[in-house]
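Colleague: Build me a structure from this.
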Amino acid sequence: MRTLLSMALLGAALVNLGGCFPLVAVGMGTGALMADDRRTTATYLTDEEIELKASGRIHDTYKDGVHVNVTSFNRRVLLTGEAVDAGARAKVEQIVREVPNVREVQDEIAVSSVSTILARSGDSYVSTKVKARFLDDRRFSANHVKVVTEAHTVFLMGLVKHEEGDAAADIAAKSSGVVKVVKVFEYID
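Modeller: Here you go, the predicted structure:
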């Protein structure tokens, strides 16, 4: 039913947006991902809201001295990146815990100098390689696993069965550029 409604809305948007193909294409991609997501639409949107609010609050508090990625999946938040000292790390975690609808925080922020753009680009490349390898595997849907890479450590999130999580971790561990794999899954079996 949700898919049918999405298709009807998409059709209406296509008629009304004529020359706005890029906007419609992005909407179609998001709709397809949401249709295959094990989270409810409300939870998916709540996760997006958590990420935006937490990132904004961290940025408002720390203009410099921290680089934090906020990733929310099923209202569980993964924090990765760097903080210059343990006090800043603890404050960032506190800020995130105070965001409405957050039910759990896994703090993986390293106490170190802030990473360079080049290092972050390398991590993005590693994530892309892992996700591409997921597409070739038939043991699980690539849309069920979120990949976050920080300092060549790959964090895997999602609502998965144990065998799906193990398969994803195995693929990630065998990908070039990956030093370590951390499972941040919620298991559904």
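
Colleague: partner residues bridging the residue nearest the centre of the chain?
Modeller: Central residue of the chain (CA atoms, centre = their mean): residue 71, 4.6 Å from the mean position. Counting by DSSP bridges, residue 71 is bridged to residue 78.

Colleague: which residues in this structure form strands?
Modeller: Under the criterion DSSP state E, strands of the chain are mapped to 66-73, 76-83, 104-111, 146-150, 153-160, 180-187.

Colleague: Need the ones you listed in a markdown table (columns: mean pLDDT and distance to residue 90).
Modeller: Placement of C-beta: from N, CA and C, glycine included. A markdown table is the format used below for these (pLDDT from 0 to 100; distance: least, CB to CB, whole Å):
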| stretch | mean pLDDT | distance to residue 90 |
| --- | --- | --- |
| strand 66-73 | 98 | 12 |
| strand 76-83 | 98 | 9 |
| strand 104-111 | 98 | 9 |
| strand 146-150 | 98 | 18 |
| strand 153-160 | 98 | 20 |
| strand 180-187 | 98 | 20 |
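
Colleague: quick one, which of those is nearest to residue 118?
Modeller: Smallest distance to residue 118 across the strands of the chain (CB to CB): 13.0 Å, for strand 66-73.

Colleague: what's that closest one packed up against?
Modeller: Contact analysis of strand 66-73 by 3 or more CB pairs under 8 Å, 6 or more residues apart in numbering; DSSP states H and E lists helix 41-61, strand 76-83, helix 86-97, strand 146-150, strand 153-160 as its packing neighbours.

Colleague: sorry, back to before: surely the residue nearest to the centre of the chain and residue 80 touch.
Modeller: Yes. Counting by CB atoms under 8 Å, residue 71 does reach residue 80; the two are 7.3 Å apart.

Colleague: and for these two, which residues touch both?
Modeller: Residues touching both residue 71 and residue 80 (CB atoms under 8 Å, 6 or more residues apart in numbering): 148, 155.
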